[in-house]
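1. Just need the structure, nothing else, for what follows:
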Amino acid sequence: MNNIIDKKWAYRELGKTGIGLSPIGLGGWQFSRGKGAAIGVWGMLNQTKVNEIVLNSLGGGINWFDTAEAYGMGQSEEALAEALKQAGIQPGECFIATKWQPTLRFASSIKTLLPMREGFLNPYKVDLYQVHFPGLFASIDAQMDNMAALYKEGRIRAIGVSNFNASQMRIAQKRLNEHGLSLASNQVRYNLLDRQIETNGVFETARELGISLLAYSPLGMGILSGKYQRNPEYLQQVPFIRRKSIRRALEKSMPIIAKLSEIAGRYSADIAQVALAWVIYGQGDTVFAIAGASTPVQARENLKALDIKLTTAEIAELNKVSRF
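-> Numbering: from 1, shown residues only. Next up, the predicted model:
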């Protein structure tokens, strides 16, 4: 995997796991085949297109993929597995992250439902198993106890959470420490339009505890690509739920887009590539980006961000214009 391209960037460690991942991973929400949490958010992608998106991502140096039970109730996992098989990737040659859905469930289902995730991903295993959000029926301690049991059985390689606040991260880390383990990651929303993790304690806690942050929506659902500002008619092609969110954020994004465009010109890059570079390099090695792609070209173009090493001054410029 590491020899696919002659890359100018380095893999970085996921938490304290010793596992090296590309700073950008491919998100699989859009592979949900229009089902589950994708309804009204993503359109349909046929398997041929999924195969091409995954192949282009691999060719650009990506070595990990993020999906979830909620993404089509297994449809995204199944589509990803098929694409990896078509690309000739053998089990163990890439890193797969998926998530347990806690809605109306007790923590014991983390263990009992793992075979379902493995079934959809067959022949690939779950490397990073994540709690999709804290949930109401399962304490964080119980969640981590079940995750720790799977880790000790050799069923998973790392333990993660998603959408946890700072205090919840500390609870999870403390419980895993009691098992001699550590929390690898917290998957959170982070982009130039949403920097809450810098002020609500999540980023500070992650750095203190050695937990990686996996940034979802790093382009603000496409707003930070500049395409909707350049061509407002594109908005009518977007599924209705995403359309509403995008429309609300467009005005707020204009100064950021202007600055991204200015910096992109210095690198002969696209606006989206600079926005992704800010996510993965603006905070050292703490933040990884989960970049979605609905076309093969987009998948390949996203990865050019890996080679854009923004200067300290450029990062400061973007920080200033995006601080609200």
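2. longest helix in this protein, by residue count?
-> helix 240-267 (DSSP state H).
3. Please identify the buried residues of that helix?
-> Using 16 or more other Cβ atoms under 10 Å as the test for burial, helix 240-267 gives 242-243, 246, 253, 256-257, 259-260, 263-264, 267. (C-beta placed from N, C-alpha, C; glycine too.)
4. Quick check: the farthest pair among the residues you listed?
-> 243 and 267 (30.5 Å; Cβ to Cβ).
5. count of neighbours near residue 323?
-> 10 (other Cβ atoms under 10 Å).
6. And residue 201, by the same measure?
-> 16.
7. How about it, nearest residue that isn't a chain neighbour?
-> residue 166 (3.4 Å; Cβ to Cβ, 6 or more residues apart in numbering).
8. Roughly how far does that neighbour sit from residue 116?
-> As judged by Cβ to Cβ, to the nearest Å, residue 166 and residue 116 stand 31 Å apart.
9. Residue 128 now?
-> Counting by Cβ to Cβ - residue 128 and residue 116 are separated by 17 Å.
10. who has more neighbours, these two?
-> residue 128 (27 against 15).
11. Okay, and the beta partners of that one?
-> Note on residue 128: beta-bridge partners by DSSP bridges are residue 97, residue 158.
12. so it makes contact with residue 187?
-> No. Residue 128 is not in contact with residue 187 according to Cβ atoms under 8 Å; the separation is 9.4 Å.
13. what touches both of those two?
-> residue 160 (Cβ atoms under 8 Å, 6 or more residues apart in numbering).
14. buried residues in stretch 83-90?
-> Within stretch 83-90, judged by 16+ other Cβ under 10 Å, the buried ones are 83-85, 87, 89.
15. just stretch 197-208 next, same as before
-> 197, 201-203, 205-206.
16. Okay, now the unreliable bits of the protein?
-> Filtered on pLDDT under 70, the chain yields the residue ranges 1-6, 35-43, 231, 233-234, 236-242, 324.
17. Next, the residue nearest the centre of it: secondary structure please.
-> By Cα atoms, centre = their mean, the chain has its centre lying nearest to residue 290, at 2.7 Å. On the three-state scheme (DSSP: H, G, I helix; E, B strand; the rest coil), residue 290 is labelled strand.
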